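> here's a sequence, model it:
(one chain, ligands or ions: 2)
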Amino acid sequence: MKALILVDIQNDFLPGGALAVPEGDEVVAVANRLMPEYELVVATMDWHPDDHLSFASQHDERDVGEFVEVDGLQQILWPDHCAQETPGAEFATGLNVEAIDHIVQKGTDVRIDSYSGFFDNARRKSTGLEEYLRSKNVDAVDIIGLATDYCVKFTALDAVSLGFATRVLTEGVRGVELKPGDCERAFEEMRAAGVQVV
Ligand code: VGL
Ligand code: ZN
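Ligands and ions are numbered 1, 2, ... in the order given. Model (predicted):
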């Protein structure tokens, strides 16, 4: 069975949000159109405690975009975003949430980020997404959402490494592009790992 995975289609990643992805709002209509075509729709949510260590605000004299080390792991610093129970963390306005079968929250541990919907960035803990998909006999996943060069990329790389036939649907993804070319490099990395970029 094939599932559709919606990655982090949340208000803070849309234009006007705390960590706005350019044209991020355009994926909402794509998601709404595609969801009825799948038997199973899973959505991930970036779901941080308000003192999450990926926030520049939690580090003295550090700016957004700088790197820090937390527990031996490099962490890029972001603006405060997707704090649990805030409007910015809610699914994007206009997203047809009724069509979502299962929600996976990630980035809930204050000390470690989780770009992938499957594991934290050190791959120490599972979010439960793999176990859920296997319980539903899913063997293939199509992925859309935000952002191409972070959470979409790492979710797709984990999906393919876990043995799921994995496709990323480019019409339904948009990227942050901190550096120009980040999205194209992300697509290349995904293709090299065996993800079908379509
Ligand atoms: C994301 C940066 C920080 C994403 C989440 O959803 O791509 N990016 N947290
Ligand atoms: Zn985040």
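> can you pull out the strands in this structure?
Along the chain, the segments classed as strands by DSSP state E run 2-7, 40-46, 67-70, 73-76, 102-106, 140-146, 165-174, 196-197.
> quick one, which of those strands gets closest to residue 124.
strand 73-76 (9.7 Å; CB to CB). All C-beta spots, glycine's among them, are computed from the backbone N, C-alpha and C.
> the closest one - contacts with which helices or strands?
If you count contacts as 3 or more CB pairs under 8 Å, 6 or more residues apart in numbering; DSSP states H and E, strand 73-76 packs onto strand 67-70.
> so residue 51 versus ligand 1, what's the distance?
Distance, residue 51 to ligand 1, by CB to the nearest ligand atom, to the nearest Å: 15 Å.
> picking that back up, of the strands of the chain, which is nearest residue 133?
Of the strands of the chain, nearest to residue 133 by CB to CB is strand 2-7, at 6.2 Å.
> who's in contact with the spatially most central residue of the chain?
What sits nearest the mean C-alpha location of the chain, by CA atoms, centre = their mean, is residue 151, with 3.3 Å. Contact analysis of residue 151 by CB atoms under 8 Å, 6 or more residues apart in numbering lists 7, 8, 44, 46, 115, 116, 117, 145.
> with residue 99 instead?
32, 35, 36, 41.
> weed out the non-buried ones from the residues you listed.
By neighbour count, with 16 or more other CB atoms under 10 Å, the contacts of residue 99 hold 35, 41 as buried.
> any idea what residue 83 is bridged to?
Taking DSSP bridges as the rule, residue 83 bridges to residue 48.
> quick check: longest helix of the protein.
helix 182-193 (DSSP state H).
> what is it packed up against?
Counting by 3+ CB pairs under 8 Å, 6+ apart, helix 182-193 packs on helix 153-161, strand 165-174, strand 196-197.
> contact residues of this structure facing ligand 1?
For the chain, the residues in contact with ligand 1 (CB under 6 Å from any ligand atom) are 8, 13, 19, 46, 78, 146, 147, 150, 151.
> a markdown table for these, including pLDDT and distance to residue 54?
Supplementary listing: the residues of the chain next to ligand 1 in a markdown table, determined by pLDDT from 0 to 100; distance: CB to CB, whole Å:
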| residue | pLDDT | distance to residue 54 |
| --- | --- | --- |
| 8 | 99 | 13 |
| 13 | 98 | 14 |
| 19 | 98 | 10 |
| 46 | 98 | 9 |
| 78 | 98 | 5 |
| 146 | 98 | 16 |
| 147 | 98 | 14 |
| 150 | 98 | 11 |
| 151 | 98 | 12 |
